[in-house]
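1. quick check, what structure comes out for this input:
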Amino acid sequence: MTTQLIPLNLDLPARLGLNSEAVSGGLDSRWAAKAENCVFDEFGRLCARKAFKKDTTTPISGNPTMDTLFEYVKSTSQTFMISVNSDAEIRHGTTTLTDVTGSLSFTDTHFQFANFDGKLVGASQGEDPVHWDGTSNFVTLYSTIPNNYATATAYVLGDIVKPVASATTDYYLVCTTAGTTAGTEPTWSAVNGATTTDNTATWTTVTYPKGRCILSAYGRVWILSEDRTTIRYSALGLAYDFSTTNGGGLIDTTAIFGRNDDSVTAIATFNNNLVIFSRFNTLIYSNISDPSNLTIVDQVVGTGCIARDTVENIGNDIIFLSYQGLRSLGRTIQLEKVPLQDLSVNVRNEVIAEVQSNLVGVTNDEAIKSTYSPVDGIYILKLGNYYYVFDFKKSFPSDNDINFIPPRITTWGGGFGADSITLSRDGTIYAAKAGAVGTYSGYSEWGLDTDGTYAENIPYLMTYRSAWTHMGEVSPELANRIKMVKKIYGSFKGGIGYDIDFVLGYDFRDNETRRTKSLAVSNGDQWSLGEWGLAEWSGNTENRNAFANMAGSGERIQLGIDCNINGAGFCIQTLTVFIKLGRLERGSTKQ
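-> Reported below is the predicted structural model:
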């Protein structure tokens, strides 16, 4: 007598995302043990990510790494995509990368840029801050100070000048006592705050900040000094003047942090406050619009940011990477405390291991970057050549730990491999690598081919593996029974003409059963023009169905799908497993 097969429907497999913390037990089919080169669409389906689509017609000779990518917004009608490569060149553009380095010379190519009053200002460690107005070449921010020192000249309080006899970009002078200068330029002190008497005038030395963090906020530019502990802020409306005489100033964090080994890693604004991150602490100041009266309203001791380029404002919160994993800086309405939420809780150990391998020194975080796309609802965290993607479309961090729901997580590998990534004003995700700028779009890569040369239309592998499950969530009677999977049926969206592999494993063994099936070609359209809206899955796009006969037996099973993505999108909608039940597992007791 033939035993009837039991169908088990798994709708939206892996809809809760990746979980590597409890993958060996205690999870069900809603979780994934592996979800590589995947994202979630707006319906919760696990789908293939998009690709690196090259926009640059002719990549830079030698394919240098693209260490920095940023959109400069000059006006409401004019923007520039700025890139800095490992050849110490600053270029703008996407299709054509125009060199605008000019006479600048620098070694740290991991800049941070900020838009300020229609201009672009950039900073990197130990380098002169840079400036660009969208014409000609980049210059140092220092060079935009309009006046040089002049002898026998009357100056008023607040006038600023650059030294001439001993030209430098390390400091400038601000007039703190009005008067007339002497007939010979004095010898200036290079110490910040030092004064020099010049006939009837008095000058005060103002050193220039040359650190790696920059922020444009509330009509000022805020730049970290080279010592990594002092933040200088400019006068209102002036990016180049940091003198206290004219309304600029400094914030010394050494006494506040209380650790000799601590240093500032990032600066941000949140909820009309100034946020200063160090490696081990987070400071929050009120009165940012009047920085002479900054007041600490919160301090998180023991948790800080370890990588400058992981700080992203997602609208109602700030996300950043700490030694403990990816964190959320949520606030109560009364601003009485800062509840910290671990967004990477489901992959925490995995992320920390990646951090340890990519944070080669406490001040060397260049391999760690991020961006956030409100259009796609994803935060992309780059750790070396690997990416963790946190999906916020269905759940944002709450304002309290009780209702906190962590985002769904997937990973990106394969050929995406961007060196840097950023979001443009129009919501496009731009990426850069190997001397070229591209977009996150399409479904075939530009990257290294098997022969070691760069080529287009390279496929990449989408991989899904379920958690090891005993199917107890489907029916309690299945939990301790031996299960023999006879067939797997899959319903998919897109993937016209693709070959997919159904994969099945039992009881944590490595010998997977693999069956390859082809998705039938249809005359219907593959994809329409919409991105993640109704248009993407509308029109004549059909469901693709396939099934495979499987074999083997065990108490716990792991389901999987492998699919080479090459030109068309692909989503997993449902999997149905047809099983034959065997005996109770040894050691179990029938309830």
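
2. how near is the closest residue to residue 393 other than its chain neighbours to residue 299?
-> Residue nearest to residue 393 in three dimensions, not counting chain neighbours: residue 377, with 3.5 Å by Cβ to Cβ, 6 or more residues apart in numbering. Glycine gets a C-beta too; all of them are placed from N, C-alpha and C. Residue 377 sits 31 Å away from residue 299, going by Cβ to Cβ, to the nearest Å.

3. what's the helix or strand for residue 251?
-> Taking DSSP states H and E as the criterion, residue 251 maps to strand 249-252.

4. just the CA trace of that strand, in PDB.
-> Only the C-alpha atoms of strand 249-252 are listed here, as PDB (Å, rounded to 0.1, in the frame of the first residue of the first chain):
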ATOM      1  CA  GLY A 249      35.400  77.800  18.300                       C
ATOM      2  CA  LEU A 250      36.500  74.300  19.400                       C
ATOM      3  CA  ILE A 251      35.300  71.400  21.500                       C
ATOM      4  CA  ASP A 252      37.900  69.500  23.500                       C
END
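
5. what comes up buried for the helix or strand following that strand?
-> Moving toward the C-terminus from strand 249-252, the next helix or strand (DSSP H and E) is helix 254-257. The neighbour-count check on helix 254-257 (16 or more other Cβ atoms under 10 Å) flags residue 257 as buried.

6. please apply the same query to stretch 91-108.
-> Under the neighbour-count criterion of 16+ other Cβ under 10 Å, stretch 91-108 has 91, 92, 93, 94, 97, 100, 101, 104, 106, 108 buried.

7. using CSV, write down the CA coordinates of that stretch.
-> Taking C-alpha atoms only, stretch 91-108 is exported to CSV below (Å, rounded to 0.1, in the frame of the first residue of the first chain):
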residue,chain,number,x,y,z
ARG,A,91,37.4,63.3,-10.2
HIS,A,92,33.8,64.2,-11.0
GLY,A,93,31.3,62.5,-13.2
THR,A,94,29.9,59.1,-13.9
THR,A,95,30.0,58.4,-17.6
THR,A,96,33.3,60.4,-17.9
LEU,A,97,35.5,60.9,-14.9
THR,A,98,37.1,64.3,-15.2
ASP,A,99,40.2,64.9,-13.2
VAL,A,100,39.8,68.1,-11.0
THR,A,101,42.7,67.4,-8.6
GLY,A,102,44.6,70.4,-9.8
SER,A,103,47.8,71.1,-7.7
LEU,A,104,46.5,69.3,-4.6
SER,A,105,48.9,66.7,-3.2
PHE,A,106,47.6,64.2,-0.5
THR,A,107,48.2,60.7,0.6
ASP,A,108,45.0,59.8,2.5
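
8. got the contact list for that stretch?
-> 55-58, 60, 72, 80-85, 88-90, 124-128, 130, 132, 136-140, 212, 430, 435-438 (Cβ atoms under 8 Å, 6 or more residues apart in numbering).

9. mind running it again at 6 Å?
-> Applying Cβ atoms under 6 Å, 6 or more residues apart in numbering, the contact partners of stretch 91-108 are 55-57, 80-83, 88-90, 124-125, 127, 137-138, 437.

10. of the buried residues of stretch 91-108, closest to residue 29?
-> The closest of these to residue 29 turns out to be residue 94 (Cβ to Cβ; 41.9 Å).
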